[in-house]
Every structure is written in C-alpha cells, then in structure tokens.
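**Q** Next input, structure requested:
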Amino acid sequence: MDYLDLYLIHLPVTLKKKVNSNDNEVRTDKEDIIPFDMRGTWEAMEECCRLGLAKSIGVSNFTCTKLSQILHYATIPPAVNQVEMHVAWRQEKMLEYCKEKGIHVSAWSPLGANGITPWGTHSVMESPALSLKILPFTNTRALLRCKCIDNILNFGINY
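**A** Numbering: from 1, shown residues only. Predicted coordinates:
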C-alpha cells in the first residue's frame with residue numbers, strides 16, 4: 001500500500017490497555033483514560049499528508065470543543081469527523097459546527113450502536129414512534145423491521 005485515502009484519529013483520548021480484559025471490551029472508566037497529545041498527533045498526521053502517505057486526515061468521535069482545539073493550530077484542517085449519528089441521536093450542534101468549518105460529517109452506526117458503546121442510544125430499531133409510523137403498512141415483524149431500516153437509512157441520507 002502506497003497511501004491511505006483517509007487517516008482518522010479514532011478517539012480524542014488514550015485508553016490504558018487492560019491486562020486481563022477482552023480485546024473488544026470498550027473501557028471508559030475514569031482511571032482508564034490517560035493524557036493524549038492531540039497536538040503532537042495531529043502534527044504527525046499533517047506530516048503524513050505532506051509526505052503523500054495520506055490524502056486526507058480527520059477525526060472520529062470529536063466534540064465541537066475538541067475540533068475547535070485542533071483548528072486553533074492545524075495547518076491542514078480535519079476533512080472528516082466520524083460520529084455516531086442516527087434518527088435517535090441527530091448531532092444537530094455537531095452538524096452545524098462542522099458545516100461552518102467545512103468539515104464533512106460521516107455518520108457511524110445509522111441503525112444505532114446496539115450496545116457497542118456506553119454512550120449514545122441503542123434503541124433506534126425499537127423506537128415506538130418509528131414503529132407506529134410504519135406499522136399500518138406492514139403485516140409481519142420481518143417486514144416491519146425492513147421498513148424501519150429503510151426509514152432510518154433514508155433519514156441519514158436526507159438529513
């Protein structure tokens with residue numbers, strides 16, 4: 001591989017590795033978070049762009065405050081902020097901020113995180129409002145699920 005199309009910082013924190021934990025376990029206890037050199041990391045990513053190792057650089061799971069900190073010293077602004085976003089968690093403030101700053105927002109988990117993360121909402125598919133909207137047009141649980149998924153994904157495309 002000669003280069004990456006997009007290189008992202010996954011989280012604006014560093015997490016300690018647990019000695020006896022499941023590798024897939026998300027640990028967000030306060031004692032698991034250690035200082036993160038955001039500026040040094042961003043400057044190293046900018047160097048990757050200058051060297052042609054990455055076409056674009058961006059972030060994931062950054063708040064407006066964290067984005068503002070990066071924009072204060074960045075010579076190459078983030079191209080993307082990838083965040084959990086769906087019909088139950090619209091991230092309106094984030095969308096507006098990123099639009100102002102010319103940062104593309106990439107929606108992660110448009111059907112909800114489904115228990116993967118300790119934040120956000122995990123009940124997108126079980127939304128009573130969504131089910132009531134679609135129920136009159138379905139006659140089976142499977143069809144209801146398909147219609148829910150269709151409506152949720154359309155929200156993400158049109159939002």
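
**Q** what residues are up against the spatially closest residue to Glu31 that is not a sequence neighbour?
**A** Closest residue to Glu31 apart from its sequence neighbours, by CB to CB, 6 or more residues apart in numbering: Lys16 at 7.7 Å. Using the backbone N, CA and C atoms, a C-beta is placed for each residue, glycine as well. Contacts for Lys16 were tallied using CB atoms under 8 Å, 6 or more residues apart in numbering; they are Arg27, Glu31, Asp32, Ile33, Ile34.

**Q** what's the closest of those to Ser109?
**A** Arg27 (19.0 Å; CB to CB).

**Q** Pretty sure Val80 sits against Ser56.
**A** Yes: Val80 lies in contact with Ser56 (CB atoms under 8 Å); the separation is 7.0 Å.

**Q** Quick check: neighbours shared by the two?
**A** Common neighbours of Val80 and Ser56 (criterion: CB under 8 Å, 6+ apart): Leu6.

**Q** all helices for the protein, in order.
**A** 38-50, 64-73, 92-101, 128-134, 141-158 (DSSP state H).

**Q** that older thread, how about CSV for the contacts of Lys16, with pLDDT, neighbour count and distance to Leu67 added?
**A** Putting the contacts of Lys16 into CSV (pLDDT from 0 to 100; neighbours: other CB atoms under 10 Å; distance: CB to CB, whole Å) gives the following:
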residue, pLDDT, neighbour count, distance to Leu67
Arg27, 61, 14, 24
Glu31, 78, 7, 26
Asp32, 78, 15, 23
Ile33, 80, 14, 19
Ile34, 81, 9, 21
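
**Q** tell me which of those is nearest to Leu95?
**A** The closest of the contacts of Lys16 to Leu95 turns out to be Ile33 (CB to CB; 26.4 Å).

**Q** which stretches of the chain have low pLDDT?
**A** Judged by pLDDT under 70, the chain has its weakly predicted residues at 18-28, 111-159.

**Q** Nothing else from me, thank you.
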